Structure formats: C-alpha cells, structure tokens
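>>> how would this look folded up:
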Amino acid sequence: MRLTILGGGGFRVPLVYGALLADRAEGRVTEVVLHDLDSARLSAVTRVLADQAAAVPGAPRVTATTDLDEALRGADFVFSAIRVGGLEGRAQDERVALAEGVLGQETVGAGGIAYGLRTVPVAVDIARRVARLAPDAWVINFTNPAGLVTEAMSRHLGDRVVGICDSPVGLGRRIARVLGVANPAEAWIDYAGLNHLGWVRGLRVGGRDELPRLLADPALLGSFEEGRLFGPDWLRALGAIPNEYLHYYYFNRETVSAYQRAERTRGAFLRDQQAAFYAEAGDPAAPALAAWERTRAEREATYMAENRESAGAGEREADDLSGGYEKVALALMRAIARDERTTLILNVRNGTTLAGLDAEAVVEVPCLVDANGAHPVAVDPLPGHATALVCAVKAVERQVLAAAATGSRTAAVTAFALHPLVDSVTVARRLVDGYTAVHPGLAYLR
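Numbers count the residues shown, from 1 in each chain. Below you'll find the predicted structure:
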C-alpha cells in the first residue's frame, strides 16, 4: 500500500513513520512518498526516517519528490500536512494580530483566519489534483485550520477526505486517566463541536457515565491539564470539559496579555527552533534522529505555555508529551484499508449530526469507521452557549471559504469582523491590511 505525505519535509513526519514501523499487520503501508517544495527539508527528514528504519526489517520504502503530480499518482492514501507560508508565516500571523490587541494563534481567532485565507486556495488545488490523478485515494487532512481546510477539500472530494486532530484523543485520555479507567480505549467519549472548539459531555465505561463523578470532585478536577487551565469552578459551571483550545475563548484577555508579554511568540519560537534542527540534520555527519528527538521534546514541553502561564497551570505532565495524531491517522487508515471497524473522533461532513449546522458543514464528532469511510454518530444537541459559539465560528469559516473562492476582500474583512475574538470592524479592516502587506499569498484579495 502506498502512502503519500504532502508536507513531507515537515517536522512531525517522523511521528507518522514511527507509527508505520510499528504496524506489522497484513496490508500495511509498504511505500511512503514524501512531497515538499523545500528539497533541503525533504533531505533532512529523509535522513531521520532512515535512522528510524535502520533496525526494522521490512520497513516501508521511502522516496522523496518536489513534483506534486508525481507524488499523487498511484497513492492509496494521501496525508495532507502542509504549512503555507512556513513558520515565518505563522510568526507574522501572530505579530500582526497582537499589534491590534487580538489573538494570533494559528487556528483560533485572527491568526487562524489569516492562515486559512493563505491555505484554502492551496488545499483546493491539491483536492482537485487528487480527484484527477488518484480518484480512489483517501485524503487524511492534518493541515490546519483542520476543520476549515477539510471542508474546503470536501467540496471536491466529498467524504473521501477526513480531517484528524489529536486534541480530543488527548483530552479523553486525560479524563480516563484521572478517573482511573483501566482501559481508556474501551471508554466512549461523548465529544462534539468543531475542530479546536469542542466539549466532552460524558465518558461512558460499561454503559455508565463517569464524568459526573469527576465534575463533583473539585480536587480531582484540578488534578489534570484542563482542570488547571480552566479551573474546577468553571468546568463545573459548564458541566463539561472543553477542548484546551477553548481557553482562548473563555480567558481571552488573559491569554492575549500573556502572549504580548512573551519574549517570542509560539510561531517565532518554532521557526527558530526548527531552523536549528534542519541545519543540524542537513549535516551528513550529524545524528539526525537524535537531533529530531531532542528538538521534539522541547517543542512538546512548551506547548500552550502562555495559556498555562496565564492560568498558573504549571508544566505539562510527562504523559501528555507523547503526541497522538499519528496514532489517530494510523487507526483511521487501518479501518478503511482493512475494514477494521473502530470509533474515532474525526472531522467529517455533518449530515444531520449537529443541530444548527447544515449537512455540508465539517464538524468534529465521534465516527464509526469502516471500509466505506467515516460515518458520524448521532450525538445529543450541544447546550445553547456551545451551539451559539459553534455557529458563530462556522459562519466565519464560511466567509473564509467565500473569500478564497472569489478573491473578495469584503468577505475576508467580514470573516475577521464576525469572529468572537475580534471585537471591531475597524480592527478587522486593519487586520486585512496588515496581513496582505506581509503575505504575498494573499495578493488575490481585491
């Protein structure tokens, strides 16, 4: 089976390859094609993968190319993990937003909109090429903003594109761990919303919902990441455990203030850190895998550091540094390729799953996955406050899609102005001006 990874020079590609190396079952991936526009990054990541495979008999063969059409032809699965504008683009997204006193995070608020406006046209081109060159391939979208990009691609690929994220998985794992669930894989996680905008409303083991026990115990609530981020009182008020990204909404002023005080933004930190890694890994005499592992440990330990600072949440626990999106991707691919039926929280078209959203809207909900793809499971309606936030953010996403499709500057301004974390039409206009000034990829907005 052939897997193509778009953004194949990306820093997290070794996580995916590591998961493939552990898969010894029949029908596994035997060929990996890496595609990237940056040949130096491709070379560095290829060296890391070679080190990973050195002691593994029958490791998937790896090839690399800068030719997109060549990479897509013959693919059974396509992982889309691109970053349009690179980490310098992410740093600029943060800087422009913070100068206006609003959030510049890469998937939430002004930064997420800017990133989406850059990324959607590229993702749509990829979707059209997949439809033409590899019509039977399944696309697994890692590219952020994941829900928005998946929806853009679904307009050309239908249900053959599925978006993934490790945040819901990590959240469910932490809740199960703190509740003492012996086998978290057997727990049913009642989760619903959009990507980076969802809530766990229940965690059922053997038919019994264990979440009320957690919500009733302030000490237990304060013992894990989300409890420290949001505070036990707020979680009890919500009656649910929010995805960690909702901290940007519920504690926006505190988070923006922490970002403004930071010596470097997250994007600037990763830009500088990864530049050092790629320079080191590009040296044929350097141990590429060791350099990658060292860089990754630092990257994970500093994840959402500003949020934890503003909440006084302390350092991340060791169990939360292990990633997880590559495991979701592998489980999804196995379920489709081998008809190994499973349940995963994924980004798929809504159908009739969440009230208040139309059938084509991409949502993040539990799905039953089999050889025919991912099928959203019926879930209870979200409470009014959550529905309102989901609908507001989906309206923003639709304006981003309209701007990308038509080149309308007015639609882009509307996207910023409608977002709950951008509180001024005047600021929205200045954001569009600021982003078009620093991103050549937004020159299409007129």
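>>> if I look at residue 366, how far off is residue 354?
Distance of residue 366 to residue 354, given as CB to CB, to the nearest Å: 12 Å. Where C-beta positions appear, they are placed from N, C-alpha and C, glycine not excepted.
>>> Residue 165 too?
Distance from residue 165 to residue 354, by CB to CB: 16 Å.
>>> which parts of stretch 280-294 are buried?
Neighbour-count burial for stretch 280-294 flags 280, 281, 288, 289, 291, 292 (criterion: 16 or more other CB atoms under 10 Å).
>>> Tell me which two in those residues are the farthest apart.
Maximum pairwise distance in the buried residues of stretch 280-294, criterion CB to CB, is 11.4 Å, between 280 and 289.
>>> Would you point out which residue is most central in this structure?
residue 165 (4.5 Å; CA atoms, centre = their mean).
>>> correct me, but it touches residue 196?
Yes. Counting by CB atoms under 8 Å, residue 196 is a contact partner of residue 165 at 7.2 Å.
>>> list the residues that contact both of the two?
Taking CB atoms under 8 Å, 6 or more residues apart in numbering as the contact rule, residue 165 and residue 196 both touch residue 146.
>>> What segments of the stretch 101-250 of the chain are helices?
Taking DSSP state H, counting those that start in this stretch as the criterion, the stretch 101-250 of the chain carries its helices at 109-133, 146-157, 167-178, 211-215, 218-221, 225-230, 232-238, 247-250.
>>> Same list, these, but as TSV with distance to residue 342 and mean neighbour count please.
Shown next, in TSV, are the helices of the stretch 101-250 of the chain (distance: least, CB to CB, whole Å; neighbours: other CB atoms under 10 Å):
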stretch	distance to residue 342	mean neighbour count
helix 109-133	24	23
helix 146-157	19	26
helix 167-178	12	21
helix 211-215	22	16
helix 218-221	29	15
helix 225-230	25	22
helix 232-238	29	15
helix 247-250	29	20
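>>> Make CSV out of those helices and add distance to residue 329 and mean pLDDT.
Below are these laid out as CSV (distance: least, CB to CB, whole Å; pLDDT from 0 to 100):
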stretch, distance to residue 329, mean pLDDT
helix 109-133, 17, 98
helix 146-157, 12, 98
helix 167-178, 11, 94
helix 211-215, 27, 97
helix 218-221, 31, 95
helix 225-230, 22, 95
helix 232-238, 29, 97
helix 247-250, 25, 97
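>>> right, and those - which one's nearest residue 90?
Judging those by CB to CB, what sits closest to residue 90 is helix 109-133, at 7.1 Å.
>>> Show me what that closest one is packed against.
Applying 3 or more CB pairs under 8 Å, 6 or more residues apart in numbering; DSSP states H and E, we find helix 109-133 packed against helix 68-72, strand 77-80, helix 86-99, strand 138-141, helix 146-157, helix 384-406, helix 409-418, helix 425-438.
>>> Output these in a markdown table, with distance to residue 233 appended to each entry.
Listed next are the helices and strands packed on helix 109-133 as a markdown table, based on distance: least, CB to CB, whole Å:
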| stretch | distance to residue 233 |
| --- | --- |
| helix 68-72 | 50 |
| strand 77-80 | 40 |
| helix 86-99 | 29 |
| strand 138-141 | 36 |
| helix 146-157 | 29 |
| helix 384-406 | 16 |
| helix 409-418 | 30 |
| helix 425-438 | 31 |
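>>> for those, which one sits closest to residue 55?
Between these, strand 77-80 lies closest to residue 55; by CB to CB that is 24.3 Å.
>>> Residues contacting that closest one, please?
Contact with strand 77-80 is made by 1-7, 16, 29, 72, 123, 126, 130, 134, 137-143, 149, 153, 329, 333, 336-337, as judged by CB under 8 Å, 6+ apart.
>>> So for it, mean pLDDT?
In this model, strand 77-80 has a mean pLDDT of 98.
>>> Could you give me the PyMOL syntax to select whichever of the contacts of strand 77-80 are buried?
To isolate the buried members of these in PyMOL, using 16+ other CB under 10 Å:
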select buried, resi 2+3+4+5+6+7+16+29+72+123+126+130+134+137+138+139+140+141+142+143+149+153+329+333+336+337
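>>> residues contacting residue 21?
Each residue near residue 21 by CB under 8 Å, 6+ apart is listed here: 52, 53, 56, 59, 60.
>>> Repeat the analysis, applying 6 Å as the threshold.
Taking CB atoms under 6 Å, 6 or more residues apart in numbering as the criterion, residue 21 is in contact with 56, 59.
>>> gap between it and residue 348?
Taken as CB to CB, the span from residue 21 to residue 348 is 28 Å.
>>> One more: residue 107?
Counting by CB to CB, the gap from residue 107 to residue 348 is 18 Å.
>>> Kindly report the same for residue 78.
From residue 78 to residue 348 the distance is 16 Å (CB to CB).
>>> Please apply the same query to residue 91.
Counting by CB to CB - residue 91 and residue 348 are separated by 32 Å.
>>> Could you do residue 191 as well?
Distance from residue 191 to residue 348, by CB to CB: 13 Å.
>>> again, but for residue 365
Distance of residue 365 to residue 348, computed by CB to CB: 7 Å.
>>> Common neighbours of the two, please.
The contact sets of residue 365 and residue 348 overlap at residue 376 (CB under 6 Å, 6+ apart).
>>> and the residue of the chain most remote from its centre, what helix or strand is that in?
Going by CA atoms, centre = their mean, the residue of the chain most distant from its centre is residue 285, 33.6 Å out. Remark: residue 285 resides in no helix or strand, with elements defined by DSSP states H and E.
>>> right, and residue 271 touches residue 87 too?
Yes. The criterion here is CB atoms under 6 Å, and residue 271 meets it with residue 87 at 3.8 Å.
>>> so where's this protein shaky on pLDDT?
Per-residue confidence for the chain (pLDDT under 70) gives these ranges: 304-306, 308-323.
>>> tell me the domain boundaries of it?
Per automatic domain parsing, the domain ranges recorded for the chain read 2-165, 168-250, 254-311.
>>> So which of these is nearest residue 381?
domain 168-250 (8.7 Å).
>>> and the end-to-end length of the closest one?
Taking CA to CA, to the nearest Å, the first and last residues of domain 168-250 lie 18 Å apart.
>>> let's number from 540 now, not from 1
New numbering, starting at 540: the last item is domain 707-789.
>>> What distance do you get for residue 765 to residue 786?
On the measure of CB to CB, residue 765 and residue 786 end up 9 Å apart.
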